[in-house]
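Participant: Provided below for reference: sequence and predicted model.
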Amino acid sequence: MNLSPVDEKTALEHGLTAEEYAGFCEAIGRTPNLVELGVVSVMWSEHCSYKSSRAVLRDLPKEGPRVVQGPGENAGAVSIGDGLAAVFKIESHNHPSYIEPYQGAATGVGGILRDVFTMGARPIANLNSLRFGSFDHPRTRYLVSGVVAGVGGYGNCVGVPTVGGEIYFDRGYNENILVNAFTLGIVRENRIFRAKASGIGNPVLYVGSKTGRDGIHGASLLASSEFDDETEEKRPTVQVGDPFTEKLLIEACLELMEKDAVVAIQDMGAAGLTSSSVEMADRGEVGIRIDLDLVPKREEKMTPYEILLSESQERMLIVARAGAEEEVREVFRKWDLDAVVIGEVTDDRRLRVFAGGVEVVDLPIAPLAHGAPVYERRWAPPTRQADMQRLSLTDVPVPGDYNVSLSRLLASPNIASRRWVFSQYDQYVGGNTVVRPGSDAAVVRVKGTEKALALSVDCNSRYCLLDPYVGAMTAVVEAARNVVCAGAEPIGVTDCLNFGNPEKPEVMWQFREAIKGIRDACNALSLPVVSGNVSFYNETEGRPIPPTPTIAVVGLIEDVRHHCVQWFENEGDLVVLLGRTREELGGSEYLAALHGIVRGTPPWMDLAVEKAVQAACLRAIREGIVASAHDLSEGGLAVALAESCISGPDEPLGAEIELEASIRPDAWLFGESQSRILMSVRSRHLARLREIAAEQDVHLTVLGTVRGSRLRIGRLIDVDVHDLRDTWASSLANLMAGDPRPEAV
Amino acid sequence: MKFGVVTFPGSLDDADTVYAVRDVVGIETIPLWHKDRDLHGVDCIVLPGGFSYGDYLRSGALARFAPVMSSVVDFAASGGLVIGLCNGFQILCEAGLLPGALVRNQSLTFVCGQARVKVERADTPFTGLCQRGAVLRLPIKHGEGCFVADESTLRRLEDNRQVVVRYVDEGGAATAGANPNGSLNNIAGIINEGGNVFGMMPHAEHACEELLGMKDGALFFRSIESWVGREVRR
Amino acid sequence: MRAKVYVTPKAGVLDPAGKATERGLHALGFGEVHDVRLGRYITMEVDGDPTDVTARLDDMCRQLLANGVIEDYLFEIGESGVE
Amino acid sequence: MRAKVYVTPKAGVLDPAGKATERGLHALGFGEVHDVRLGRYITMEVDGDPTDVTARLDDMCRQLLANGVIEDYLFEIGESGVE
Ligand SMILES: Nc1ncnc2c1ncn2[C@@H]1O[C@H](COP(=O)(O)OP(=O)(O)O)[C@@H](O)[C@H]1O
Ligand SMILES: [Mg+2]
């Protein structure tokens, strides 16, 4: 084992800058050895340290009366009453999914599940947010089928339903797809577990799968000659998920948490054993001592470096109460899992690691954890920004046949039915899914209560590209509006901020603008951000992805019977629109899909109006006078109307809309003005709905009636809803049918 | 009347089944543990859905060796009622308690959705409360639900009227379009020759509650209850 | 010693995965391919007396590695064959 | 002609299926078994000039039959080997 001091060159190969390396040497008062360098390089990586984002993230509102656990733990938690809390978080697994779509997506789901059940919460619902390149890119179908199969492959096998998500296609993701996974769990508020080590002398236990050489960072580094004598297999291996073991791990951990044995617990995610032990020690202001000889290993001759940095999946680190070791082992034995004491909590606030009786790491915890550098990166708007925002509608011809336009929009991969995706996910397991994928938000009931939670994840990255501030704001309010349309009060946010290289001023500008947008929207809607994730460096060949701050909102339904869906329910109901329609086409799917134009400014966002519209909608649903409620988003009014006609589980219903356009017809039909909700109500409830709208000062328009089997919109559109449904329902499957590669033959 | 629901490592719908049958349908139901051979006096054993042992080699292949399964086999041999749902059906086939096997869906993808099945037999302990020919709506969710058997087995199944439920369209016709996984003869569920072991891919347990959208599944559990009740009186 | 087990779908039994693979190959332009069948290839190390190993492997296959209803199996012992 | 393709998980890559199968074999009393790895065994008929087939098969493996990131493959052409 080579424990001699490293040099700067090796440090640079590990991704540290010269200044960071010098700073670290100074902080520890000496030059680290190679194992120690591995430890600091992962702890100070962007992924673990948030060094480029931390300063900016401070701006986000994190407090609120319901917040039980804000950012900083494995996941956030908000109170839902009855002594229960909803625990949730979203996380990215973008790069691994591009390399190996099935396993990358699968292990992404596995990782976020662990973040939630480490808190003591039983996972009850998953969401996923996906971005792929355009269908004319040769790799897109392969990536889509692999990722979707992987999300399903893992979630289905651990028994957590996937109840919703989003999927979009845009050339900007051709070489850099996004896979963001979200998990929600339920926990008793007074039984939340945290990752804060304490109790000098308490044992540290390793539980779950054995350690292999999976996903060790710095692939290039492993080829360095230092490893020749000790490493059989230098090739870094892709992480492969084992959802069966994860299922056992969930049951074992939750069973153990019913006892009085666990002091702290954290999953081994990125940077595995290293980050879990350092972070647990840091939070508890203690030290930790680990003997690598005791770590269960899958492969022979693993070096200390490899064991410490392995990202093998389905593993957890537990600090137990001294004397409770056997209790822990017994529970894990019941579930046929390893549980091994590998170290103990110490009082020296150092990470000390032994292998073969030799001390291979002896580092102070503080500089590794919160001592990581924090950068104020430079920012400046992209030079093209102003140009991109210019849009002259006079140059955009109005369509000759609006029936054709509507039908083409419904077939657009960004609007077409997502059934091809979500039919590959178990939506039922757990027995809580009240509203499955296919409506604005999913609804899962909370067993043992009258309550339910509504979930939605959203981001229109085209808006974010054109104006990251407004785009990010819109992501928050749209996710919230979706949840409101299901009859829920939004109570918490988690975000997954997918951006390019933060060292580029334009990317940093996008990031800062997006954070401001999230901040302002959350403040306006009194929504705390309780957890999240930043994924930088999403670019290929120097081109960053469109900024994609994915927002997931969790909403609370006090009485599950008052939940709502987006499709029309009854013949004869009135069709009503809350909110105003402006002549806005910038950034619309209509312009992109039908005219090939991606420019302009995204729709205007007035947070006060948004708040009022949401309040009116929620009020009306809670009073039980709403038959259906649907958020207007991509494709605008016409698409929303069509979706309300055709997206239900039963025969489609038609609608007759008498109103005529008061603005440019394509803008009226397909424009994406914000803060609008389409509703259907029994005619006898209209008066009350008007009162509610008036109380909130919300604009209300009666558009027409649910009737027959044609969708008729003024003199512009008149089509059979069965035809619309066929187009909309088959489009994604048809696009994917070009995929010759059956997943995992 | 008492149901027992087996939990294997990797079972997923076990707790849902206990909840649905006990708390929603209202029939006494207890969990059974794979390592425990004692059946605790239950009248009907449910092998639930999930991915027992990960289903990595073949679905259901490992579960049949669990200690509880030797008791299940004896129980079935003595005429006890056994129902396997999804993974449970796969396990029953692997254990040889039902003929045939379940292989990868024709699409090679997992399918989740609602299926319609026609009740071909209303004279079994599992379907006694159904109308013969009735079309039920039940959820399906599986990657390996394509029922296959060799020709003679298939003929025997049909001749003996062992096909209990079949995938059909709205009109009750067993069309290719109504077949979600490529099963031969649109078979969704079969019974053994003795008439006491039943397996099907659709999830009766996830169709017991109006709030969750479907309630036809409760018919199976109620049928079993009423059959057991009659047996006891006899 | 090293053992290799080949499990194949029985002739006459539906093999949806094989069919789908064949379709995939055709779609990729490999039209010259037909009768694609998809099976499992299991490798392992087995300790013990070489004379017993054959019988033991046969047991393993019958009990677990192959499903006799739909699958055939074959195995090889020793260093020969494909790694 | 007849072709046989063997696809195996790459060394070092976690093989949950192999792991589960090994455990299953142990539970059944086959404790002498270790290092169980689970792969695929694909058989097919291929038409065409024998000299081209090798290259074509290699293409098939790379494009569809094996996942190069986590799997290795090997193939055999002709009547030899295990059927
Ligand atoms: N990747 C996915 N996984 C699961 N469900 C999805 C996915 N993508 C979309 N859905 C579901 O499809 C429906 C339509 O999605 P979307 O068009 O994004 O709705 P909206 O515009 O209202 O946000 C929603 O119910 C959503 O949950
Ligand atoms: Mg959306």
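Facilitator: Everything's here; your move. Nothing here was measured: the structure is a model prediction, and the numbers come from that model. Residues are numbered from 1 along each chain as shown, chains lettered A, B, ... in the order given. Ligands and ions are numbered 1, 2, ... in the order given.
Participant: gap between the residue in chain B that ligand 1 sits nearest to and chain A?
Facilitator: Distances between chain B and ligand 1 by CB to the nearest ligand atom are smallest at B:Cys112, namely 10.5 Å. In short, each C-beta sits where N, CA and C put it, glycine included. For B:Cys112, the distance to chain A (CB to the nearest CB, to the nearest Å) stands at 5 Å.
Participant: just B:Val24 next, same as before
Facilitator: In terms of CB to the nearest CB, B:Val24 sits 9 Å off from chain A.
Participant: can you tell if the longest strand along chain C touches chain A?
Facilitator: Within chain C, and with DSSP state E defining each element, the longest strand by residue count is strand C:33-46. Yes - Strand C:33-46 comes into contact with chain A (CB under 8 Å from any CB of the partner chain), by way of C:Leu38.
Participant: That strand and chain D in contact?
Facilitator: Yes - judged by CB under 8 Å from any CB, strand C:33-46 comes into contact with chain D at C:33-46.
Participant: How about the residue of chain B closest to ligand 1: what's its closest non-neighbour residue?
Facilitator: B:Lys141 (4.1 Å; CB to CB, 6 or more residues apart in numbering or on different chains).
Participant: need the contact list for that neighbour.
Facilitator: Counting by CB atoms under 8 Å, 6 or more residues apart in numbering or on different chains, B:Lys141 touches A:Asn156, A:Asp426, A:Gln427, A:Tyr428, A:Val429, B:Gly49, B:Cys86, B:Phe110, B:Val111, B:Cys112, B:Gly113, B:His203.
Participant: give me that answer again for 10 Å
Facilitator: A:152, A:156, A:161, A:423-429, B:12-13, B:49, B:86, B:110-113, B:115, B:201-203, B:206 (CB atoms under 10 Å, 6 or more residues apart in numbering or on different chains).
Participant: Give me the below-cutoff pLDDT ranges for chain C.
Facilitator: By pLDDT under 70, the weakly predicted segments of chain C are C:79-83.
Participant: Which parts of it are helices?
Facilitator: C:16-27, C:50-60 (DSSP state H).
Participant: Any idea how many residues pack against the residue of chain B found nearest ligand 2?
Facilitator: Ligand 2 sits closest to B:Cys112 of chain B, with a gap of 20.6 Å, by CB to the ion. The tally of other residues near B:Cys112 (other CB atoms under 10 Å in any protein chain shown) stands at 27.
Participant: Surely A:Ser680 is in a strand?
Facilitator: Yes - A:Ser680: assigned to a strand according to DSSP: H, G, I helix; E, B strand; the rest coil.
Participant: so where do the strands sit in chain B?
Facilitator: B:3-7, B:29-33, B:44-47, B:81-85, B:101-103, B:111-119, B:135-142, B:146-148, B:163-167, B:187-191, B:197-200.
Participant: what angle do the first one and strand B:29-33 make?
Facilitator: Read it as strand B:3-7. Angle, strand B:3-7 to strand B:29-33, by axes from the mean of the first three to the mean of the last three CA atoms, to 10 degrees: 30 degrees.
Participant: Give me the helices and strands touching strand B:3-7, please.
Facilitator: helix B:14-18, strand B:29-33, strand B:44-47, helix B:67-77, strand B:81-85, helix B:87-94, helix B:218-233 (3 or more CB pairs under 10 Å, 6 or more residues apart in numbering or on different chains; DSSP states H and E).
Participant: before we move on, back to that, tell me which of the strands of chain B approaches A:Arg30 most closely.
Facilitator: strand B:3-7 (53.9 Å; CB to CB).
Participant: Direction included, what does the closest one pair against?
Facilitator: strand B:29-33 (parallel), strand B:44-47 (parallel) (DSSP bridges).
Participant: That one - what's its average pLDDT?
Facilitator: The pLDDT scores in strand B:3-7 average 98.
Participant: Just the CA trace of that strand, in CSV.
Facilitator: Extracted in CSV, the C-alpha atoms of strand B:3-7 (Å, rounded to 0.1, in the frame of the first residue of the first chain):
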residue,chain,number,x,y,z
PHE,B,3,-57.3,-16.0,4.8
GLY,B,4,-53.5,-16.3,5.1
VAL,B,5,-51.3,-14.1,2.9
VAL,B,6,-47.8,-15.3,2.5
THR,B,7,-44.8,-12.9,2.5
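Participant: quick check: angle from that strand to helix B:87-94?
Facilitator: 80 degrees.
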